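Enquirer: Model the following, please.
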Amino acid sequence: MKLFLSVSGLALALILTGCGETTKPAAKKAEEPVKPPEPVAGRYAFHQMYMAARNWAPDASPLRLSNVHLAEAPTAPGKAGAWQATFVSPRSGRAKTYTYSMIEGPGNLHKGVFAGPDEGWDPSQKLFPLQALRIDSDAAYETAAKKGADYAKKHPDMRISYLMEVNKRFPNPVWRVIWGESVSTSGFSVFVDASTGNYLQTMR
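Expert: As a prediction, this is how the structure comes out:
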């Protein structure tokens with residue numbers, strides 16, 4: 001009988017001890033830091049926008065492609081946090097500009113592909129076939145940087161812009177790598193063939 005009481009008392013003590021302990025909450029997993037958006041080259045952004053443009057008009061053809069400067073997104077040589085492209089439907093005579101952004105931005109810039117309103121199209125503005133864009137913006141930058149090395153050294157903090165379109169001076173569509181915010185405000189830019197990657201001309 002004494003043995004039975006001892007065992008029972010021990011069991012009761014263990015139960016009471018267990019009830020008195022506070023259950024420790026499971027340790028929360030450390031939250032991974034949010035990675036900043038990575039800039040992308042022009043061709044990747046272009047194809048995202050082109051797929052959307054084909055839904056708008058099956059005959060959509062590209063008119064131009066350019067980068068969008070974003071203070072909130074990092075940049076890299078030949079890459080940007082956002083791009084915009086204009087496509088034309090020759091059948092309807094209408095144009096539409098799309099943006100592709102890695103983040104939500106100021107104005108009407110949204111993450112992913114976003115379509116602007118329909119616009120008119122001047123037929124004197126030449127379109128180019130999709131397959132003509134073989135050279136990406138980062139490759140165009142490398143070619144332009146070699147030709148603009150001296151200018152870049154003198155202006156190390158100057159923004160670089162990218163514009164790809166048909167230029168009547170050249171047979172193929174061209175990348176224009178621009179030191180500055182735009183063509184009109186730039187004092188130095190380099191033309192690179194968007195189909196072959198060849199250097200074409202320097203504008204001062």
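Enquirer: The nearest residue to residue 186 once chain neighbours are set aside: neighbour count?
Expert: Ranked by Cβ to Cβ, 6 or more residues apart in numbering and with sequence neighbours excluded, the top spatial neighbour of residue 186 is residue 180, at 3.5 Å. The C-beta positions use only the backbone N, C-alpha and C, and glycine is treated the same way. Neighbourhood size, residue 180 [other Cβ atoms under 10 Å]: 16.
Enquirer: Who's the closest spatial neighbour of residue 116, skipping the chain neighbours?
Expert: For residue 116, ignoring the flanking residues on the chain, the nearest one in space by Cβ to Cβ, 6+ apart is residue 97 at 4.4 Å.
Enquirer: quick one: that neighbour from residue 44, how far?
Expert: Using Cβ to Cβ, to the nearest Å, residue 97 is found at 18 Å from residue 44.
Enquirer: quick one, which of those two is more surrounded?
Expert: Legend: neighbour count by other Cβ under 10 Å for residue 97 and residue 44, higher for residue 97 (18 against 13).
Enquirer: so where do the strands sit in this structure?
Expert: 40-41, 61-68, 79-80, 82-89, 94-101, 112-120, 160-165, 174-179, 188-193, 199-203 (DSSP state E).
Enquirer: Just checking: what are the partner strands of the fourth one?
Expert: What that stands for is strand 82-89. Sheet pairing of strand 82-89 (DSSP bridges) gives strand 61-68 (antiparallel), strand 94-101 (antiparallel).
Enquirer: Out of those strands, which is closest to residue 144?
Expert: Nearest to residue 144 among the strands paired with strand 82-89 is strand 61-68; the distance by Cβ to Cβ comes to 13.6 Å.
Enquirer: So which residues of this structure form helices?
Expert: Ranges of helices in the chain, per DSSP state H, are 2-20, 42-56, 137-147, 149-154.
Enquirer: The last one: which residues count as buried?
Expert: The neighbour-count check on helix 149-154 (16 or more other Cβ atoms under 10 Å) flags 151-152 as buried.
Enquirer: and it, C-alpha only, in CSV?
Expert: Provided in CSV are the C-alpha atoms of helix 149-154 (Å, rounded to 0.1, in the frame of the first residue of the first chain):
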residue,chain,number,x,y,z
ALA,A,149,35.1,56.7,-72.8
ASP,A,150,36.7,60.1,-72.8
TYR,A,151,33.3,61.9,-72.5
ALA,A,152,32.2,59.5,-69.8
LYS,A,153,35.4,60.3,-67.8
LYS,A,154,34.6,64.0,-67.9
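Enquirer: and it, how far from the chain's centre?
Expert: 26 Å (Cα atoms, centre = their mean, to the nearest Å).
Enquirer: that older thread, now tabulate the strands of the chain in TSV and tack on distance to residue 55.
Expert: TSV is the format used below for the strands of the chain (distance: least, Cβ to Cβ, whole Å):
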stretch	distance to residue 55
strand 40-41	21
strand 61-68	14
strand 79-80	24
strand 82-89	11
strand 94-101	11
strand 112-120	9
strand 160-165	22
strand 174-179	27
strand 188-193	30
strand 199-203	34
